[in-house]
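Trainee: Provided below for reference: sequence and predicted model.
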Amino acid sequence: MKIRICLGTCCHLMGGADLYNFLEEQLEKSNRDFELETPSCLDYCNQADYEAPIVEIDEEIHDDVTIEKLKNILNQE
Amino acid sequence: MSYSTEIEIIKRKILTLISKKMFEGSLREDIRDIAEKITPDEAQPFRCCVYHDREITNDRIKILLNLDHEEYKNVSWLNTYKDFIEGNVDDLPPLSVLGEACNGCPQQRYYVTEACQHCLAHPCALNCPKDAITIENERAKIDEDDCVECGLCVKNCPFNAIIHVNRPCEDACPVEAIETDEEGIAQIDYDLCILCGRCLAGCPFGAIVEKSDMMSVIKDLKQGEKLTALLAPSIVAQFSVKATVPELTTALKEIGFDKVYELASYAEKTAGKEAGELEENVGTLLSSCCPSWVYYVEKIVPEFKENISETASPMRAAGQDKKSGEKLVFIGPCISKKQEAETSEIDYVLTYEELASMLAAKEVDVSSCEETAPDVAGDYRGWLFAKSGGLTESIQNFLDEPGDFETDKVNGIENNMTSKLKKMVEEADFIEGMACENGCIGGPCTITNPRITKNKLSDFIEEIRAEANS
């Protein structure tokens, strides 16, 4: 699984900072099988249909992502 | 470690929405719609109904406009907006309690839980010095009127079935500055409060709100005032884990700031002066850069008031250098700087949350910006101020014989630490006091987890150290 987390200022403010911290910790302590990419702003937050924070998982965009949502996605794999 | 809660995210959404409207010039028309945007009709309300949630958002908006939310309950939005724009604002305390949001959490401190086994020995009742415990309906019961909260029942229950619960705001406060009114609503005793901001994070109902200069800063930016941003050293990684200070400089200029100074340049001088004071050797020296720490010493252990360093904090020192026609905006992680600013030449204080909300409102992504050198740059000895232990390290760099001085530090003020502090003063020559755990990078209005900020700060400090040596 490939996770790309938006590191833009808006996403960072709306919870992205915690998502990044959470994913980094997951990578460090467990043998989770995912690849973490940290691009700069993915440029979705300013589009009307999307709400920050944005995470792209296997080329699919997820918006309004929370740690709970992310845990669910990771557990499904 | 803890993650940002929904409360913090909602606060940031309100900040972003209201600053967007202010920047766009549509606040007058749209101000009444903000609460509905935050809690739409179809939303699952946190409280009894969407209307209650919206009322609390509206209270927050009034505080953001520097108006007394209670007095403005029945004032029309048009007049509310007008009063803000015309500057007919209230002198708000740095922290306010939203009575509407306060849960009035129970004060009864001891509870028997369902883990009670209705045992034969019932040591809880046996050991209660006030006979406040009876056994009813197969469970121990504590008589609230008779209980003196000694805690013996908790210690003696073999099932750990009795728990001690406190109001989270009171628990979070290290100086017992939270009281309750007759309706059970929290109240802050400003004679004791040191503005550390822990109640803000501690309240799980989001009922404690800080006052804000954000809207006044936007108003000034729109009017073309010359504003200088003073970046506190803990700013590293606050707007994106990737963003650099030169990128942030561009971002700030893009939203209208005239100049950008790294406060580290003043911090470096503060360290040099404090090292000089230390070498004069007139008794234990207490650091002066964290205002919450200074308030703690002044209010809780006033016998050490004279030990506080006379050196101006970096923010205060920057204020002393203010040029005519210039307005200074301190950008930092804490609430107590808002109070310190009132007795300095600093015009406004913005928190990282407030500035990031302004950037989000203007759709400026910091790490996508070009790099511009700040107008005033600091060296690593100034940037060290951001973390616990850093100030001491910085001062040691200025001492001829650093080994001659015993140093100690307060890394986060704790409850009941006065005796510990007295011992520290007896043994150390210098005490670095920082009210927040981890230092400024752990401040109440930071965005990035201190673990990450610490790493990024270390990398950054190494980088400028290497540059300086090359």
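Mentor: That came through, no problem.

Trainee: where exactly do the strands run in the stretch 301-450 of chain B?
Mentor: For the stretch 301-450 of chain B, the strands defined by DSSP state E, counting those that start in this stretch occupy B:327-332, B:348-351, B:407-411, B:430-434.

Trainee: neighbouring contacts of stretch B:111-123?
Mentor: Stretch B:111-123 is contacted by residues B:124, B:133, B:135, B:138-142, B:156-163, B:165 when judged by Cβ atoms under 8 Å, 6 or more residues apart in numbering or on different chains. Yep, even glycine has a C-beta here, placed from its N, CA and C like the rest.

Trainee: Spell out which parts of chain B neighbour chain A.
Mentor: Contact residues, chain B versus chain A (Cβ under 8 Å from any Cβ of the partner chain): B:1, B:3-4, B:9, B:12-13, B:16, B:239-243, B:251, B:353, B:356-357, B:359-360, B:363-368, B:447-449, B:451-452.

Trainee: Can you turn the buried part of those residues into a ChimeraX selection?
Mentor: Only the buried entries of these go into this ChimeraX selection, using 16 or more other Cβ atoms under 10 Å in any protein chain shown:
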select /B:4,9,12,13,16,239,240,241,242,243,251,353,356,357,359,360,364,365,366,367,368,447,448,449,452
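
Trainee: Mind checking which of the residues of chain B next to chain A are in helices?
Mentor: Mapping the residues of chain B next to chain A onto helices (DSSP state H) picks out B:I9, B:R12, B:K13, B:T16, B:A251, B:E353, B:A356, B:S357, B:L359, B:A360, B:R451, B:I452.

Trainee: Now do B:N166: how many residues are near it, please.
Mentor: 12 (other Cβ atoms under 10 Å in any protein chain shown).

Trainee: middle-most residue in chain A, spatially?
Mentor: What sits nearest the mean C-alpha location of chain A, by Cα atoms, centre = their mean, is A:V55, with 3.4 Å.

Trainee: could you measure that one against chain B, distance?
Mentor: 14 Å (Cβ to the nearest Cβ, to the nearest Å).

Trainee: Please look at that residue and A:D18 and confirm they touch.
Mentor: No - using Cβ atoms under 8 Å, A:V55 is not in contact with A:D18; the gap is 11.8 Å.

Trainee: thinking again about what came up before, the residue nearest to the centre of chain A pairs with what?
Mentor: Beta bridges link A:V55 to A:I5, A:H62, judged by DSSP bridges.

Trainee: wait, what's in contact with it?
Mentor: A:V55 sits next to A:I3, A:R4, A:I5, A:C6, A:L19, A:I61, A:H62, A:V65, A:L70 when contact means Cβ under 8 Å, 6+ apart.

Trainee: how does it look with 6 Å?
Mentor: Taking Cβ atoms under 6 Å, 6 or more residues apart in numbering or on different chains as the contact definition, A:V55 lies against A:I5, A:H62, A:V65.

Trainee: Closest one to B:L278 out of those, please.
Mentor: A:I5 (45.0 Å; Cβ to Cβ).

Trainee: where in chain A is pLDDT low?
Mentor: In the predicted model of chain A, residues A:31, A:77 satisfy pLDDT under 70.

Trainee: Contact residues of it facing chain B?
Mentor: A:7-10, A:12-15, A:17-18, A:20-21, A:40-41, A:46, A:67 (Cβ under 6 Å from any Cβ of the partner chain).

Trainee: can you list the weak-confidence ranges in the stretch 1-150 of chain B?
Mentor: Within the stretch 1-150 of chain B, the set of residues satisfying pLDDT under 70 comprises B:1-2, B:108.

Trainee: What's the nearest residue in it when you look at chain A?
Mentor: B:Y3 (4.4 Å; Cβ to the nearest Cβ).

Trainee: Might one say that that residue is in contact with A:D18?
Mentor: Yes - if you go by Cβ atoms under 6 Å, B:Y3 and A:D18 touch, sitting 4.4 Å apart.

Trainee: what's the spacing between A:E37 and A:V55?
Mentor: Remark: distance between A:E37 and A:V55 (Cβ to Cβ, to the nearest Å) = 11 Å.

Trainee: what's the helix or strand for B:A468?
Mentor: Using DSSP states H and E, B:A468 sits in helix B:450-469.

Trainee: Report all helices and strands that that helix contacts.
Mentor: Other helices and strands packing on helix B:450-469, by 3 or more Cβ pairs under 6 Å, 6 or more residues apart in numbering or on different chains; DSSP states H and E, are helix B:380-383.

Trainee: Sort out which residues of the helix it packs on are buried, please.
Mentor: Neighbour count says helix B:380-383 has B:Y380, B:R381, B:G382, B:W383 buried, by 16+ other Cβ under 10 Å.

Trainee: Please apply the same query to stretch B:16-24.
Mentor: B:T16, B:L17, B:I18, B:S19, B:K20, B:K21, B:M22, B:F23.

Trainee: In PDB, list the C-alpha atoms belonging to the helix or strand that contains the third one.
Mentor: In this case it means B:I18. Using DSSP H and E, B:I18 sits in helix B:6-24. C-alpha atoms of helix B:6-24 as PDB (Å, rounded to 0.1, in the frame of the first residue of the first chain):
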ATOM      1  CA  GLU B   6     -12.100  17.600  17.400                       C
ATOM      2  CA  ILE B   7     -12.300  20.700  19.600                       C
ATOM      3  CA  GLU B   8      -9.000  22.100  18.400                       C
ATOM      4  CA  ILE B   9      -9.900  21.300  14.800                       C
ATOM      5  CA  ILE B  10     -13.200  23.200  15.100                       C
ATOM      6  CA  LYS B  11     -11.400  26.100  16.700                       C
ATOM      7  CA  ARG B  12      -9.000  26.200  13.700                       C
ATOM      8  CA  LYS B  13     -11.900  25.900  11.200                       C
ATOM      9  CA  ILE B  14     -13.600  28.900  12.800                       C
ATOM     10  CA  LEU B  15     -10.300  30.800  12.700                       C
ATOM     11  CA  THR B  16      -9.800  30.000   9.100                       C
ATOM     12  CA  LEU B  17     -13.400  30.800   8.000                       C
ATOM     13  CA  ILE B  18     -13.600  34.100   9.900                       C
ATOM     14  CA  SER B  19     -10.200  35.300   8.600                       C
ATOM     15  CA  LYS B  20     -11.200  34.300   5.100                       C
ATOM     16  CA  LYS B  21     -14.300  36.500   5.300                       C
ATOM     17  CA  MET B  22     -12.200  39.300   6.800                       C
ATOM     18  CA  PHE B  23      -9.500  39.200   4.100                       C
ATOM     19  CA  GLU B  24     -12.200  39.100   1.400                       C
END
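
Trainee: For B:V165, grab the count of nearby residues.
Mentor: Neighbourhood size, B:V165 [other Cβ under 10 Å]: 13.

Trainee: for chain A, which helix is longest?
Mentor: Taking DSSP H as the criterion, chain A has its longest helix at helix A:17-29.

Trainee: rewinding a little: quick one: buried ones out of the residues of chain A next to chain B?
Mentor: Of those, these count as buried by 16+ other Cβ under 10 Å: A:7-10, A:12-15, A:17-18, A:20-21, A:40-41.

Trainee: I'd like those laid out as TSV, including secondary structure.
Mentor: Shown next, in TSV, are those (DSSP: H, G, I helix; E, B strand; the rest coil):
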residue	secondary structure
A:L7	coil
A:G8	coil
A:T9	helix
A:C10	helix
A:H12	helix
A:L13	helix
A:M14	helix
A:G15	helix
A:A17	helix
A:D18	helix
A:Y20	helix
A:N21	helix
A:S40	coil
A:C41	coil
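
Trainee: buried residues in stretch B:248-257?
Mentor: So, applying 16+ other Cβ under 10 Å, buried residues of stretch B:248-257: B:L248, B:T249, B:T250, B:A251, B:L252, B:K253, B:I255, B:G256, B:F257.

Trainee: Residues touching it, excluding its own?
Mentor: Under Cβ under 6 Å, 6+ apart, the answer for stretch B:248-257 is B:L221, B:L227, B:A229, B:V260, B:L359, B:K362, B:V364, B:V366, B:C369, B:E370, B:T372, B:P374.
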